[in-house]
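S.K.: whatever this is, show me its structure:
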Amino acid sequence: MRARLQVVFRWLGGAGITFVTLVTVYAMLGWIAPRSGFRLALEIASVIAGLWLVIRLLRLAARQAVWRLRHRLLITYLFIAVVPILLIAGLAALGGYMLVYQLAAYLVTTELDRRIDALAPAAVSEADQGRYPGLATIQMPPPGLPARGVLKRDGEFYLFKRASGGAIVTVPLTREFLAGLTPGLGLVGIDQSPEEASKSRSGEMRRLSTPALPPPANRFDSEVVWFATIPAVDWDDPKQSSDLVLAVLTRVSAVLSTVFTRRADVAQELMQTAFVGGLILFALVEVVCWVIGITMTRNITGAVHHLYEGTQRVMQGDFRHRIEVRGNDQLAELGLSFNRMTENLARLLAVAKEKERLQSEVEIAREVQNQLYPRVALESESLRLTAICRPARTVSGDYYDYARTPDHQIAMAIGDVAGKGISAALLMATLQSSFRTQLSNGSPAVRLSAAHLLSQLNRHLYANTSAEKYSTLCLGLYDEHTGTFVYSNGGHLPPALVRAGTIRRLDVNGTVVGAFPFAEYEDSQILLEPGDLLVFFTDGVTEPENAYGEMFGEERFLSLVARNAPVSDEEVVRAVIESVREWTGSDELQDDMTLLLARRI
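M.R.: Numbering: from 1, shown residues only. Okay, here's the model as predicted:
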């Protein structure tokens, strides 16, 4: 119930709530104090609020009406086509009625002029006495009288024309004379002022003359009242004139019948035929245009409606929905584009889900790989190890490790697996597992050899990986008692020994691991002095390029390490990472970056 009230209040808005409140208070006040002056103010306020509410509701109704494209197009057609046609039709009807008015007046005045012209012959011809009732001859007219026209004498109107000898022939404008002017046209009357003639009604016109008004040809054949003014000369003062108003009450059909009376006239018949044919053609064209317009409107609105339904289905997650496409136009292409878009969205959604699944698996692989690196720092009285690995992607193909051997040495290794991504990470895991296995299989009584360990790793990787999988690997053993470091380098970048500000590169005494089953490796040996710093690194440190394609380089890297050697190992690692990032101008690494520092204490 509360939700319904909220909907009603939202629909009414402030105007509706104000109107309801004012009407309620007005009704209550009418019951409590009906003669209160405040009630009148409430009534006025209620009317204003009601008008405000009506305007608001009309606006809402207009918005709802034009929300659908079909209604919007219909309203557009209404203003573009229907309204102009109605205006043209109204203008044509108005012009037709005005033409009928003028024709009616023209017929009467023209016949009146013909009667005036025929007055002189009628004065001597007794056969025409019936057409001119009251015909008279005045021998001594007042001077200055025109040759012909309408004469006003003693409040009555006459037609007159000057005859031979200076006399004039007159005919009074009686009811019988006016009735005989245009038989079949309608009722003709006279008055002295246009204002009174324009205000005269049909009943008054019927009292002016005796003929009956022609019957209507159809229900649309309405009565037509019009008038014409003719100057009338004053008998007493021929220099002055007044207006004689001829009022005509007729019908449209009567005027047209009077005009088109000659049935044998071929031109008139052709004109009537052309007019009727034009009306029929106009009606047919209008019907065809309406049919075409409605069909095109239905096609447009149908296509938009299908697109709207399709978007709603897609918003609900139904990517299998396809809209129906008809025709070969732009709307059809739009429908096809929507269907293709839906297919692509479904395909992209599947790809996104697969990518999300793979990303989840890669995250798991990253967590697993992080577990393969040494998790705690190795404690030694004469050697301090610091290592870091920054993968270019989620997982890394670089490898580093260190651990104590059964014969109380410290083994350390760094490598770079061929490739990147998951395959390189899997090979790195195999390499780490094999390295730890070789160390655990040793005996305290037998001293391990770096070259022997590297050979064992080479044979193991070759036997358990594909032919294109290999890795560079530098492996070394440090004796805490003597400070001797024995190493064997299988194709890896030669480590550097920083001693007293000078740099010495170690040997590369073997090929890559896992490529050749019978590769041979040799041991090399150096004696570490207190303060010496061994630097193991991968090509991800030295090969990043700047915007000009220039690599960071081993010389720049080693000079940087030598300058920062007196500080802590963590500061050395931080300085290297910052320098490489500034060199590339990007926080994104171009390759896996791995550093392993071993400092003799």
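
S.K.: what's the per-residue pLDDT of the closest residue to residue 46 other than its chain neighbours here?
M.R.: Nearest residue to residue 46, sequence neighbours excluded (C-beta to C-beta, 6 or more residues apart in numbering): residue 22, at 4.4 Å. Just so you know, the C-beta spots here come from the backbone N, C-alpha and C atoms, and that holds for glycine as well. On the pLDDT scale, residue 22 is placed at 85.

S.K.: quick check: next helix or strand after the strand or helix carrying residue 22?
M.R.: For residue 22, the element it lies in under DSSP states H and E is helix 2-32. Per DSSP H and E, the first helix or strand lying C-terminal to helix 2-32 is helix 37-67.

S.K.: and the helix or strand just after that next one, what does it pack against?
M.R.: Per DSSP H and E, the first helix or strand lying C-terminal to helix 37-67 is helix 69-77. Contact partners of helix 69-77 among helices and strands, from 3 or more C-beta pairs under 8 Å, 6 or more residues apart in numbering; DSSP states H and E: helix 37-67, helix 266-315.

S.K.: quick one: mean pLDDT for helix 69-77?
M.R.: 74.

S.K.: make JSON lines from the helices and strands packed on helix 69-77 and add mean neighbour count to it.
M.R.: Shown next, in JSON lines, are the helices and strands packed on helix 69-77 (neighbours: other C-beta atoms under 10 Å):
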{"stretch": "helix 37-67", "mean neighbour count": "13"}
{"stretch": "helix 266-315", "mean neighbour count": "12"}
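
S.K.: and those as JSON lines, adding distance to residue 247?
M.R.: Listed next are these as JSON lines, based on distance: least, C-beta to C-beta, whole Å:
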{"stretch": "helix 37-67", "distance to residue 247": "46"}
{"stretch": "helix 266-315", "distance to residue 247": "28"}
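
S.K.: worst average pLDDT in these?
M.R.: Taking the mean pLDDT of the helices and strands packed on helix 69-77, helix 37-67 comes last: a mean of 78.

S.K.: all helices of the stretch 351-500 of the chain, in order?
M.R.: In the stretch 351-500 of the chain, the helices defined using DSSP state H, counting those that start in this stretch lie at 421-440, 450-464.

S.K.: indicate which one of those helices is closest to residue 27.
M.R.: Residue 27 lies closest to helix 421-440 among the helices of the stretch 351-500 of the chain, at 80.8 Å (C-beta to C-beta).

S.K.: buried stuff in that closest one?
M.R.: Buried residues in helix 421-440, counting neighbours by 16 or more other C-beta atoms under 10 Å, are found at 421-432, 434-435, 438-439.

S.K.: with stretch 170-183 instead?
M.R.: Neighbour-count burial for stretch 170-183 flags 170, 171, 172, 173, 174, 175, 177, 178, 180, 181, 182 (criterion: 16+ other C-beta under 10 Å).

S.K.: could you dump those to CSV with pLDDT?
M.R.: Below are these laid out as CSV (pLDDT from 0 to 100):
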residue, pLDDT
170, 89
171, 89
172, 90
173, 88
174, 85
175, 79
177, 83
178, 83
180, 81
181, 81
182, 81
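
S.K.: now distance to residue 526 and secondary structure too, for those residues, in TSV please.
M.R.: What follows is the buried residues of stretch 170-183, written out as TSV (distance: C-beta to C-beta, whole Å; DSSP: H, G, I helix; E, B strand; the rest coil):
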residue	distance to residue 526	secondary structure
170	156	strand
171	153	strand
172	154	strand
173	148	coil
174	152	coil
175	149	helix
177	150	helix
178	145	helix
180	148	coil
181	144	coil
182	140	coil
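
S.K.: which of the residues you listed sit farthest apart?
M.R.: 170 and 182 (21.2 Å).

S.K.: can I see the domain layout of this structure?
M.R.: 2-66, 83-261, 264-371, 373-600 (automatic domain parsing).

S.K.: deepest in the core, which of the ones you listed is it.
M.R.: domain 373-600 (a mean of 18; mean count of other C-beta atoms under 10 Å).

S.K.: avg pLDDT for that domain?
M.R.: For domain 373-600, the per-residue pLDDT averages 92.

S.K.: what's the first-to-last distance across it?
M.R.: 22 Å (C-alpha to C-alpha, to the nearest Å).

S.K.: now stretch 26-45
M.R.: Start-to-end, stretch 26-45 (C-alpha to C-alpha) is 10 Å.

S.K.: which other residues reach that stretch?
M.R.: 22, 25, 46 (C-beta atoms under 8 Å, 6 or more residues apart in numbering).

S.K.: from the buried residues of helix 421-440, pick the one nearest residue 388.
M.R.: Looking across the buried residues of helix 421-440 and measuring by C-beta to C-beta, the closest to residue 388 is residue 428, at 15.5 Å.

S.K.: ok so, going back, how about the residue nearest to residue 46, what does it touch?
M.R.: So residue 22 contacts 42, 45, 46, 49 (C-beta under 8 Å, 6+ apart).

S.K.: go on, residue 168?
M.R.: Applying C-beta under 8 Å, 6+ apart, the residues near residue 168 are 137, 138, 141, 145, 160, 161, 162.

S.K.: max pairwise distance over those residues: which two?
M.R.: Farthest-apart pair in the contacts of residue 168 is 137 and 145; separation 13.8 Å (C-beta to C-beta).

S.K.: so residue 521 sits in a helix?
M.R.: No. Judged by DSSP: H, G, I helix; E, B strand; the rest coil, residue 521 forms no part of a helix; its state is coil.

S.K.: correct me if wrong: it contacts residue 490.
M.R.: Yes. Contact criterion C-beta atoms under 8 Å: residue 521 and residue 490 qualify, at 6.1 Å.

S.K.: spit out the residues that contact these two alike.
M.R.: 454, 458, 510.

S.K.: how close does the first one get to residue 489?
M.R.: Going back to what we said before, that points to residue 454. 8 Å (C-beta to C-beta, to the nearest Å).

S.K.: again, but for the last one
M.R.: For residue 510, the distance to residue 489 equals 6 Å [C-beta to C-beta].

S.K.: same check, this time on the second one
M.R.: Here residue 458 is placed at a distance of 13 Å from residue 489 (C-beta to C-beta).

S.K.: which residues does residue 157 form beta bridges with?
M.R.: residue 152 (DSSP bridges).

S.K.: again with residue 485
M.R.: residue 478, residue 526.

S.K.: what sits against the residue nearest to residue 372 when sequence neighbours are not counted?
M.R.: The shortest distance from residue 372 to any non-neighbouring residue, by C-beta to C-beta, 6+ apart, is to residue 432 (4.8 Å). The contact partners of residue 432, by C-beta under 8 Å, 6+ apart, come to 372, 399, 401.

S.K.: same deal with residue 494?
M.R.: Residue 494 makes contacts with 474, 505, 506, 507, 508, as judged by C-beta under 8 Å, 6+ apart.

S.K.: okay, these in a markdown table with secondary structure and distance to residue 236 next?
M.R.: Formatted as a markdown table, the contacts of residue 494 follow (DSSP: H, G, I helix; E, B strand; the rest coil; distance: C-beta to C-beta, whole Å):
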| residue | secondary structure | distance to residue 236 |
| --- | --- | --- |
| 474 | strand | 145 |
| 505 | strand | 146 |
| 506 | coil | 149 |
| 507 | coil | 151 |
| 508 | coil | 147 |
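
S.K.: closest to residue 150 out of these?
M.R.: Distances from residue 150 to those, taken as C-beta to C-beta, are shortest for residue 474 (135.8 Å).

S.K.: surely that closest one and residue 414 touch.
M.R.: Yes. Residue 474 is within contact range of residue 414, at 5.4 Å (criterion: C-beta under 8 Å).

S.K.: which neighbours do these two have in common?
M.R.: 492, 495, 536.

S.K.: was I right to think the last one contacts residue 506?
M.R.: What it means is residue 536. No. With contact defined as C-beta under 8 Å, residue 536 does not count as touching residue 506 (9.3 Å).
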